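Trainee: Structure for this input, please:
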Amino acid sequence: MANRALIDTGALLAVANPRDQYHDEAVSIGRRFLASGGRWVGTTLVLSEFHGHLLQRRDPRSACSLLAALLGDPAYEWLDASTELVNEAIAQWIERFGDQKFSLTDAVSFEVMRQLRLTKAFAFDKHFVIAGFEQLE
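Mentor: Predicted coordinates:
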């Protein structure tokens, strides 16, 4: 798949919440990317973060339904955050960029991007640019 981009928690939250400051921009970016034949790549850590945020704003059944929809959508490829992947992310990103406050979720996403040679992320998080990746616009 040549047209893939990593999807971050912030992008998922922005699309899901009409009151999010990035909502309109996120919906526009997402529509353009999918219309061009794009496919999202995400990790189970991103799903976990997203679910945690959903539970703060929605009832549990609604949050679960949204997760099920994401997991069943062929536009998304979800990768497990294995112990091996987490260890590699810590070594490559958290330890190497010790002056940055990269979350484990972001570090694992960076490592997935490195391993899959993805250059673009659907994110509103400056850490992706600091790590050397481009943000979808």
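
Trainee: how close does Ile29 sit to Gln92?
Mentor: 27 Å (C-beta to C-beta, to the nearest Å). For glycine as for every other residue, the C-beta is placed from the backbone atoms N, C-alpha and C.

Trainee: Would you map the helices across this structure?
Mentor: 9-16, 23-35, 44-57, 60-72, 83-89, 104-116, 126-130 (DSSP state H).

Trainee: Now tell me what touches the second one from outside.
Mentor: For helix 23-35, the surrounding residues in contact (C-beta atoms under 8 Å, 6 or more residues apart in numbering) are Ala5, Ala11, Ala14, Val15, Asn17, Asp20, Trp40, Ala75, Phe122, Phe124, Leu136, Glu137.

Trainee: got it, and the fourth one?
Mentor: The contact list for helix 60-72 (C-beta under 8 Å, 6+ apart) reads Leu12, Ala16, Leu47, Phe50, His51, Leu54, Leu55, Arg58, Tyr76, Trp78.

Trainee: before we move on, what about the longest one?
Mentor: Contacts with helix 44-57, where a contact means C-beta under 8 Å, 6+ apart, come from 7-9, 12-13, 16-17, 62-63, 66-67, 70-71, 78-81, 104-105, 108-109.

Trainee: cool, the last one as well?
Mentor: Applying C-beta under 8 Å, 6+ apart, the set of residues contacting helix 126-130 from outside is Asp8, Phe97, Gln100, Lys101, Phe102, Ser103, Asp106, Ser109, Phe110, Ala121, Glu134, Gln135.

Trainee: now those as JSON lines including neighbour count?
Mentor: Converted to JSON lines, these look like this (neighbours: other C-beta atoms under 10 Å):
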{"residue": "Asp8", "neighbour count": "26"}
{"residue": "Phe97", "neighbour count": "15"}
{"residue": "Gln100", "neighbour count": "14"}
{"residue": "Lys101", "neighbour count": "8"}
{"residue": "Phe102", "neighbour count": "22"}
{"residue": "Ser103", "neighbour count": "14"}
{"residue": "Asp106", "neighbour count": "27"}
{"residue": "Ser109", "neighbour count": "33"}
{"residue": "Phe110", "neighbour count": "25"}
{"residue": "Ala121", "neighbour count": "26"}
{"residue": "Glu134", "neighbour count": "13"}
{"residue": "Gln135", "neighbour count": "17"}
